[in-house]
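Student: No sequence on hand, only this structure:
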């Protein structure tokens, strides 16, 4: 077909000229008449959403706006010409949710019925396991549980909690480290919801009086998501916690985790060593494992054999041999570590040093030419030395293998869309030293107002507060002689920065608030004298 000069190629749908795809980055208004031209099932299958009418032409948001076949099918289904509009995955997901989605609260209200909650609460124990299975297989109930999980994933929740109380069943999402209560389903749906989750996780639904663990794997927007499920019996039924492990939702990169350049350079030096031990310390939930994963990702080289032993394996790392601890089969950290050493590894990661036996094997592994990474539960970096001594490690052995200790905490990151500055509150100002106040120009600090992007929380994401202790010559000699924490602190490098100061530097740069730093590091504010 020949074209007149200046005309671009066009495609035709139902005899109408169809324009070339147009990009769209902003979230458009949604016309209900437009999205009603095709069903939700068709929209999900085709990965597109008709969102507006322009005369007789249907505007269709698509991930791949060059896909003529999808445009043709939508045109046939709608009986109208279409214009293809390119959008990002985030915009498409939001349009899809607004056009065809529902909420947990809406679905729960449809399922509520006219049940008498009090009667059902008093007879929870009398429900037969067979009846539970039937209730859990009801299509509407399945959709409710699926939607509860998917809403949690959309909200960036790290955990989904289902908590039973006397008169209500609460659903909470942990978002950026804080539990946020959601609209909850009626109490009488509790046994069915709990049973459905247990069926999905491969648990025994007939066992309601003993803790259980399970695992769910699902695909969401083309990516694999693992969910660890834990149930424990409580006074009013089973409490369920689903830990969402979405590998593609996190970036295993030390810079993205919030580590400053000076610390990243030191970490790069540590992980490039041929042998030795590097520890990451902090309480549960402080991001220790994620930091180690980021280090292993940076360290990965096909020429090296990297083996980990973890409890459990949280994220699958390409090119890394990962072993899950299995106490029922006799596979503990200590026994697994012994067998790992027979596998000729170059790099070993031990999920956690919990006892003297594991610590001793890890130290011996570092002495015999392996680079060993692990985690400990201590309040700050220097305290890791004392913890290993308590576990029975000889001071001279520790001094020979220990290369560095990274202590860390997590704080909430201020939403960049609604960030603003205000004078530091007087009560907070009194908690800062003169050196710390100098980090804030004009005694001004950053906060968030709350907006649509952060769901009015003022925060979006998390940032790490780090304290990296590298073992130098004087420190090695002091460790060998059994020096106390105060002496080790004094001998630390002049460039050593505490977690508190690291966090306040980031607060001064507008990444987080002073209150977040003080709250996260209060147990490690002062090194023991």
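Tutor: The structure has been received and is ready for your questions. Just so it is clear, the structure is predicted and the values come from calculations on it, not from any experiment.

Student: what bridges to residue 181?
Tutor: In this entry, residue 181 is beta-bridged to residue 172, by DSSP bridges.

Student: Near it, how many residues? Count them for me, please.
Tutor: Here the neighbour count serves as a burial measure; for residue 181 (other Cβ atoms under 10 Å) it reads 11. To be clear about C-beta, it is placed using only N, CA and C from the backbone, and glycine gets the same treatment.

Student: Would you agree it is in contact with residue 172?
Tutor: Yes: with contact taken as Cβ atoms under 8 Å, residue 181 and residue 172 are classed as touching, separated by 5.2 Å.

Student: Which residues outside stretch 508-526 are in contact with it?
Tutor: The contact list for stretch 508-526, computed with Cβ atoms under 8 Å, 6 or more residues apart in numbering, reads 258, 283, 379-380, 407, 409-414, 419, 421, 424, 428, 431-432, 439-441, 445-447, 463, 465, 467, 498-500, 503-504, 506-507.

Student: now those: which count as buried?
Tutor: Buried residues within these, counting neighbours by 16 or more other Cβ atoms under 10 Å: 258, 379-380, 407, 409-414, 419, 424, 432, 439-440, 445-447, 463, 465, 467, 498-500, 503-504, 506-507.

Student: among these, which are in helices?
Tutor: When helices are assigned by DSSP state H, the members of the buried ones among the contacts of stretch 508-526 inside them are 499-500, 503-504, 506-507.

Student: Reformat those residues as TSV; add distance to residue 333 and pLDDT.
Tutor: Formatted as TSV, these follow (distance: Cβ to Cβ, whole Å; pLDDT from 0 to 100):
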residue	distance to residue 333	pLDDT
499	26	94
500	31	95
503	31	96
504	36	97
506	33	97
507	37	96
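
Student: wait, which of the residues you listed is closest to residue 212?
Tutor: Using Cβ to Cβ, residue 499 is the member of those that sits closest to residue 212, with 36.5 Å.

Student: quick one, what contacts that closest one?
Tutor: Contact partners of residue 499, counting by Cβ under 8 Å, 6+ apart, are 380, 407-409, 465-467, 520-521, 524.

Student: I'd like the next helix or strand past the lengthiest helix in the chain.
Tutor: In the chain, assigned by DSSP H, the helix with the most residues is helix 139-154. For helix 139-154, the following helix or strand on the C-terminal side (DSSP states H and E) is strand 157-164.

Student: What lies in contact with that following strand?
Tutor: Counting by Cβ under 8 Å, 6+ apart, the neighbours of strand 157-164 from elsewhere in the structure are 148-149, 152, 169-175, 177, 179, 190, 193-194, 197, 234, 236-244.

Student: partner strands of that strand, parallel or antiparallel?
Tutor: Sheet partners assigned to strand 157-164 using DSSP bridges are listed as strand 169-175 (antiparallel), strand 237-245 (antiparallel).

Student: between that strand and helix 139-154, how big is the angle?
Tutor: Between strand 157-164 and helix 139-154, the angle formed by their directions is 140 degrees, by axes from the mean of the first three to the mean of the last three Cα atoms, to 10 degrees.

Student: Pull out the buried residues from strand 157-164.
Tutor: Of the residues in strand 157-164, those buried by neighbour count under the rule 16+ other Cβ under 10 Å are 157-164.

Student: What pLDDT is listed against the residue nearest the centre of the chain?
Tutor: Nearest residue to the geometric centre of the chain (Cα atoms, centre = their mean): residue 158, 4.9 Å. On pLDDT, residue 158 comes in at 92.

Student: Against residue 414, how distant is it?
Tutor: Separation of residue 158 from residue 414 (Cβ to Cβ, to the nearest Å): 19 Å.

Student: same check, this time on residue 93
Tutor: Residue 93 sits 24 Å away from residue 414, taking Cβ to Cβ as the criterion.

Student: Same question for residue 371.
Tutor: Relative to residue 414, and taking Cβ to Cβ, residue 371 is found at 36 Å.

Student: picking up where we left off before, and of the ones in helices among the buried ones among the contacts of stretch 508-526, the nearest to residue 72?
Tutor: Each of these was scored against residue 72 by Cβ to Cβ, and residue 506 proved nearest at 51.2 Å.

Student: Isn't the closest one up against residue 263?
Tutor: No: shown here, residue 506 and residue 263 do not form a contact pair, counting by Cβ under 8 Å, at 11.7 Å.

Student: mind checking which helix or strand residue 37 is in?
Tutor: Residue 37 is part of no helix or strand when elements are defined by DSSP H and E.

Student: For it, the count of nearby residues, please.
Tutor: If you count neighbours by other Cβ under 10 Å, residue 37 ends up with 20.

Student: Leaving out the residues flanking it, which one is nearest to it?
Tutor: Counting by Cβ to Cβ, 6 or more residues apart in numbering, the nearest residue to residue 37 once its immediate chain neighbours are dropped is residue 78, at 3.8 Å.

Student: Then residue 449?
Tutor: Computed as Cβ to Cβ, 6+ apart, the closest residue to residue 449 that is not its neighbour in sequence is residue 418, at 4.2 Å.

Student: Quick one: the strands in the stretch 51-200 of the chain, in order.
Tutor: With strands called from DSSP state E, counting those that start in this stretch, the stretch 51-200 of the chain shows them at 57-62, 82-86, 157-164, 169-175, 178-181.

Student: Which elements pack onto the first one?
Tutor: It stands for strand 57-62. Other elements packing on strand 57-62 under the criterion 3 or more Cβ pairs under 8 Å, 6 or more residues apart in numbering; DSSP states H and E are strand 48-54, helix 68-78, strand 82-86, helix 89-100.

Student: Reformat these as CSV; add mean neighbour count.
Tutor: As requested, the helices and strands packed on strand 57-62 are exported to CSV (neighbours: other Cβ atoms under 10 Å):
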stretch, mean neighbour count
strand 48-54, 22
helix 68-78, 18
strand 82-86, 22
helix 89-100, 17
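
Student: part of a helix, is residue 386?
Tutor: Yes: assigned with DSSP: H, G, I helix; E, B strand; the rest coil, residue 386 falls within a helix.

Student: tally of neighbours for it?
Tutor: The local packing count at residue 386 equals 14, with neighbours defined by other Cβ under 10 Å.
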